[in-house]
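[1] Got a predicted model here, sequence first, then my questions.
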Number of protein chains: 2
Amino acid sequence: MAQLPKEGPQDRLASWLADDMAAVNALIRDRMASEHAPRIPEVTAHLIEAGGKRLRPMLTLAAARLCGYAGADHQKLAATVEFIHTATLLHDDVVDESARRRGRPTANLLWDNKSSVLVGDYLFARSFQLMVETGSLRVLDILANASAVIAEGEVLQLTAAQDLATTEDTYLKVIRGKTAALFSAATEVGGVIAGVPEEQVQALHTYGDALGIAFQIADDLLDYGGSSASIGKNTGDDFRERKLTLPVIKAVAKADAEERTFWLRVIEKGDQREGDLQQALALMARHGAMEAARDQALDWSAKARTALKALPDHPLRGMLSELAAYVVSRIS
Amino acid sequence: MAQLPKEGPQDRLASWLADDMAAVNALIRDRMASEHAPRIPEVTAHLIEAGGKRLRPMLTLAAARLCGYAGADHQKLAATVEFIHTATLLHDDVVDESARRRGRPTANLLWDNKSSVLVGDYLFARSFQLMVETGSLRVLDILANASAVIAEGEVLQLTAAQDLATTEDTYLKVIRGKTAALFSAATEVGGVIAGVPEEQVQALHTYGDALGIAFQIADDLLDYGGSSASIGKNTGDDFRERKLTLPVIKAVAKADAEERTFWLRVIEKGDQREGDLQQALALMARHGAMEAARDQALDWSAKARTALKALPDHPLRGMLSELAAYVVSRIS
C-alpha cells in the first residue's frame, strides 16, 4: 500500500494535532498489549513502530477537531482506525506473500503466516472494543459497514486479478475497499462524535472517500512511473503481479486485436518477457491511458476539496484541502 | 474442533427451535451473499452447508426463548454467532494447515489460504453489521470482548504449543478462547436481548462458559481415547501435533526425571517414534491423568447445570441441562 513522500501537509497536520496523536499512540501501545500472549505486542509493535504516517488516525482527529469536538473519544476512534488498518496490513501481507513492508521484513516472514492471521484478528477485536467504548451506535454502524467494504474489496481484488474483463467500476470498488472506505469512515466518525449536522457528516464522508480514491489512483499511476511514464527502479511491480489497475484497464478497453493478444499473454497468461513493460507503457501512451487516469485522480482530488466547503472555516480545513491537492501533486 | 455425536439433546433443541433456526438459516444465506465478489458465498457455502450442528446459534435462540423473548433480534444474534464461528474456522484451517473439515476438503485446500483469510474477514465484518442492527450496546460489548478472548486464545495456543511449561491455567485460557468464550457470549446475549435481570444474564454466561469448557476437555480426552485410554482410529492426533492438552499437562506435572526426558523428546523436540503414543498413554495412566481430567470435565458440566437453576422453569431449560450432561457422557 502507498506511502506518501516525506514533508507535506500531513506534517502540518501532525504538528497541529501533536497532543492528540501522543494520546493516540499511548492508547495504541496500551491496547495492543496482551497479558497472556506476548507474541501479540511483538508482532504489532514490529509493524506499528516501523513508523507509518498515521494518516488515517490523523484524519479522524482532524475531522473531530475541525468540527469543534472537545472530548477525548476521537482519540479512541483514531486508535480504532489505526488498529483496523494494521490488521488489514497483516492479513494483506499473508495474502500477497509480501516480504517487506515499511522498509522492514514483514511479520509473516519474521514470525509466520499464522501469527499474522491471528494477531490481525486480535487487532480487529481490540478495535471493536475501543469503538464500543464510545457508546455511539452510529459510529459502530459506520465502521461495521467500512469493514465489510474493505473485506469485500480485498476478495474482489483477488478474483479480479489477472482478469482482463475487469471494468473501471470493479476497479473503483477494489480501491474503495483497499483505501477509500477506511479514509471515509475515519473522517465521518470524527464528525459524528462531534455531533455536527448531517450535511457536515456527509461532507466529511465525501471528502474521505474522494481523498482515498485520488490517493490510490495516483499510487497506481506511480507504479507505472506517473503520468510521464518514465521507468524508475520501482516501476512495474503491479505489471509483474498482473494487477488490473486503472491505466491498464483503460489501455485494454481501447486495444485492437493485436494489442489484446499482448495483454492476454502478459496479464492473463502471465507469460512476461524482456521488453514487455516498455511495450505496455507504449500501448498506454498510444491510447492516452496515463493522462486519462491522471485526470480522474485530479477530479477526485477536486471533489474532496469541494466537499470541505460545507465544513467550518478552520486552519485544519485548510490543511485537509492541501492534503487533497498533495496526494495528486506527484502525478500532475 | 469438536463435533458432537449424532442424536442427543441438541436434536431436541433443534426440533423445539425449528422455526427460529429456519429463519436463522435464511438470514445466514442472505447475509453471506456478496453482489460483487461471488468467491465469498462460494467459500462460505462450502463450509456452512457442510452441515455443522449449529450448536452455537441454537444456544442463543434457546437462551432468548427460555427467557421469554418474543421479538426477532435473537435470530440476528444467532446468525452473528454462527458467522463468527465460521470465520474462526476459516482462519483456523489456514493456521493449522488443515486439509479436512466436517468431512470435506477445507476451503484453504479447495481455493487457497488467501480466500480463507479474506472471506473470514468478510464474515467477521458481516457479523459486526448484524449485531449493530440489534441496537444493543451491551450485546456489542459482550461480543467484542468474546472476539478478543477468542483471538488471544488462538495466539496463546500457537505460542504454548510444544511448550512443556504450559500450565493448567494457560490451558484454560486457550480452551476459553477456542470454545467457551463464544458459547458464553452466545447464551449471554440471548438473555440480554430478552431483557432479563442481571442475575439471570450472569447465570447464562456461567452456563455457556462451563458448557464450553466441559465440552472441550471432553474432546481433548477423547483424542486420547477417552477415560478408558483405549486406542481408536483417531486416537493421538493431538499427540502427533504435540499439543499440550489437559491429560498431558497433568502427566507432565507428575513426571519423574526419566518420564520428563520422554516428554521433552516427543513434545518439545518432536522426535516421535513407534510406540511413543502407547508410552504416553501408559504414563498418563500411571499418574491418573485421564481420570483427573475427566473429573474436571464432570465438575464443569455440573457447574453448567447448577447455573441453570437461576433461570425460569421451561422445557428449554431442561434441554440445556441435558446438553451439559451429554457433552461429558462420552467420557464418563
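    Happy to help now that I have it.

[2] Which positions in the stretch 151-300 of chain A make contact with chain B?
    Residues of the stretch 151-300 of chain A lying close to chain B (C-beta under 8 Å from any C-beta of the partner chain) are A:Ala151, A:Glu152, A:Glu154, A:Val155, A:Leu156, A:Leu158, A:Thr159, A:Thr170, A:Lys173. All C-beta spots, glycine's among them, are computed from the backbone N, C-alpha and C.

[3] Let me know the helix or strand that the first one is in.
    Translated: A:Ala151. Under the criterion of DSSP states H and E, A:Ala151 resides in helix A:137-160.

[4] tilt between that helix and helix B:137-160?
    Using axes from the mean of the first three to the mean of the last three C-alpha atoms, to 10 degrees, the direction of helix A:137-160 lies 50 degrees away from that of helix B:137-160.

[5] Let me see the mean pLDDT of helix A:137-160.
    Computed over helix A:137-160, the mean pLDDT rounds to 92.

[6] And it, what does it pack against?
    Helix A:137-160 sits against helix A:73-96, helix A:113-133, helix A:168-175, helix A:181-194, helix B:39-48, helix B:113-133, with contacts defined as 3 or more C-beta pairs under 8 Å, 6 or more residues apart in numbering or on different chains; DSSP states H and E.

[7] tell me which residues in that helix are buried?
    By 16 or more other C-beta atoms under 10 Å in any protein chain shown, the buried positions in helix A:137-160 come out as A:137, A:139-160.

[8] Next, the angle from that helix to helix A:113-133.
    Using the same axes, to 10 degrees: helix A:137-160 against helix A:113-133 is 150 degrees.

[9] what's the angle from helix A:137-160 to helix A:73-96?
    Using the same axes, to 10 degrees: helix A:137-160 against helix A:73-96 is 20 degrees.

[10] Go through the residues of the stretch 151-300 of chain A next to chain B and say which is closest to A:Asp73.
    Nearest to A:Asp73 out of these is A:Ala151 (C-beta to C-beta; 25.3 Å).

[11] What does the pLDDT read for A:Pro247?
    96.

[12] what's the answer for A:Asn108, then?
    69.

[13] Check A:Met1 and give its pLDDT.
    The per-residue pLDDT reported for A:Met1 equals 44.

[14] hey, which helix or strand in chain A has the poorest pLDDT?
    Using mean pLDDT, DSSP states H and E, strand A:100-101 stands out as the lowest-scoring helix or strand of chain A, at a mean of 64.

[15] Give me the below-cutoff pLDDT ranges for the stretch 201-332 of chain A.
    Applying pLDDT under 70 to the stretch 201-332 of chain A flags residues A:227-234.

[16] the helices in it, which residues?
    Taking DSSP state H, counting those that start in this stretch as the test, the helices found in the stretch 201-332 of chain A are A:237-240, A:246-253, A:257-263, A:276-286, A:289-307, A:315-329.

[17] which of these is buried the deepest?
    Across the helices of the stretch 201-332 of chain A, averaging neighbours per residue (mean count of other C-beta atoms under 10 Å in any protein chain shown) puts helix A:246-253 on top, at a mean of 23.

[18] List of residues touching it?
    With contact meaning C-beta atoms under 8 Å, 6 or more residues apart in numbering or on different chains, helix A:246-253 is reached by A:164, A:166-168, A:171, A:217, A:220-221, A:224, A:238-239, A:244, A:259-260, A:263, A:267, A:280, A:283-284, A:286-287, A:289-290, A:292-293, A:296.

[19] again, only this time at 7 Å
    A:164, A:166, A:168, A:171, A:217, A:220-221, A:224, A:263, A:283-284, A:287, A:289-290, A:292-293, A:296 (C-beta atoms under 7 Å, 6 or more residues apart in numbering or on different chains).

[20] Pull the distance from that helix to the chain's centre.
    21 Å (C-alpha atoms, centre = their mean, to the nearest Å).

[21] Could you figure out how far it is turned away from helix A:137-160?
    For helix A:246-253 against helix A:137-160, the angle by the same axes, to 10 degrees is 50 degrees.

[22] re earlier: between the helices of the stretch 201-332 of chain A, which one is nearest to A:Asp11?
    Nearest of the helices of the stretch 201-332 of chain A to A:Asp11, taken as C-beta to C-beta: helix A:315-329 at 9.7 Å.

[23] tell me which strands and helices that closest one is in contact with?
    Packing contacts for helix A:315-329, counted by 3 or more C-beta pairs under 7 Å, 6 or more residues apart in numbering or on different chains; DSSP states H and E, involve helix A:9-16, helix A:55-66, helix A:198-222, helix A:289-307.

[24] Alpha carbons only: can I get the last one in CSV?
    So the one you mean is helix A:289-307. Coordinates of the C-alpha atoms in helix A:289-307 are reproduced here as CSV (Å, rounded to 0.1, in the frame of the first residue of the first chain):
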residue,chain,number,x,y,z
ALA,A,289,-4.4,5.9,-20.7
MET,A,290,-2.0,7.6,-18.2
GLU,A,291,-3.4,11.0,-18.9
ALA,A,292,-7.0,9.8,-18.6
ALA,A,293,-6.2,8.1,-15.3
ARG,A,294,-4.4,11.2,-14.0
ASP,A,295,-7.4,13.4,-15.0
GLN,A,296,-9.6,11.1,-13.0
ALA,A,297,-7.3,11.4,-9.9
LEU,A,298,-7.4,15.2,-10.3
ASP,A,299,-11.2,15.1,-10.5
TRP,A,300,-11.4,13.1,-7.3
SER,A,301,-9.0,15.4,-5.6
ALA,A,302,-11.1,18.4,-6.6
LYS,A,303,-14.2,16.7,-5.4
ALA,A,304,-12.5,16.2,-2.0
ARG,A,305,-11.6,19.9,-1.8
THR,A,306,-15.1,21.0,-2.8
ALA,A,307,-16.7,18.8,-0.1
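
[25] Please name every helix or strand in contact with it.
    If contacts are counted by 3+ C-beta pairs under 7 Å, 6+ apart, helix A:289-307 sits against helix A:198-222, helix A:246-253, helix A:315-329.

[26] coming back round to it: averaging pLDDT over each of the helices and strands packed on helix A:137-160, which comes out lowest?
    helix B:39-48 (a mean of 74).

[27] Show me what that one is in contact with.
    So helix B:39-48 is contacted by A:152, A:155, A:158-159, B:28, B:32-34, B:86, B:89-90, B:101, B:107, B:110-111, B:115, B:119, B:122-123 (C-beta under 7 Å, 6+ apart).

[28] May I see the PyMOL selection of the buried members of these?
    Here is the PyMOL command that selects the buried residues among the contacts of helix B:39-48 (16+ other C-beta under 10 Å):
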select buried, (chain A and resi 152+155+158+159) or (chain B and resi 28+32+34+86+89+90+101+107+111+115+119+122+123)
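
[29] Put the alpha carbons of the helix holding A:Ala151 into PDB.
    Provided in PDB are the C-alpha atoms of helix A:137-160 (Å, rounded to 0.1, in the frame of the first residue of the first chain):
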ATOM      1  CA  LEU A 137     -24.200   3.100  17.600                       C
ATOM      2  CA  ARG A 138     -23.900   5.400  14.600                       C
ATOM      3  CA  VAL A 139     -20.100   5.100  14.800                       C
ATOM      4  CA  LEU A 140     -20.400   1.400  15.100                       C
ATOM      5  CA  ASP A 141     -22.600   1.200  12.100                       C
ATOM      6  CA  ILE A 142     -20.200   3.300  10.000                       C
ATOM      7  CA  LEU A 143     -17.200   1.200  11.000                       C
ATOM      8  CA  ALA A 144     -19.100  -2.100  10.500                       C
ATOM      9  CA  ASN A 145     -20.000  -1.100   7.000                       C
ATOM     10  CA  ALA A 146     -16.500   0.100   6.200                       C
ATOM     11  CA  SER A 147     -15.100  -3.300   7.500                       C
ATOM     12  CA  ALA A 148     -17.500  -5.100   5.100                       C
ATOM     13  CA  VAL A 149     -16.500  -2.900   2.100                       C
ATOM     14  CA  ILE A 150     -12.800  -3.400   3.000                       C
ATOM     15  CA  ALA A 151     -13.100  -7.200   3.100                       C
ATOM     16  CA  GLU A 152     -15.300  -7.400   0.000                       C
ATOM     17  CA  GLY A 153     -12.900  -5.200  -1.900                       C
ATOM     18  CA  GLU A 154     -10.000  -7.500  -0.900                       C
ATOM     19  CA  VAL A 155     -11.800 -10.600  -2.100                       C
ATOM     20  CA  LEU A 156     -12.800  -8.700  -5.300                       C
ATOM     21  CA  GLN A 157      -9.200  -7.800  -5.900                       C
ATOM     22  CA  LEU A 158      -8.200 -11.400  -5.500                       C
ATOM     23  CA  THR A 159     -10.700 -12.600  -8.000                       C
ATOM     24  CA  ALA A 160     -10.300  -9.700 -10.400                       C
END
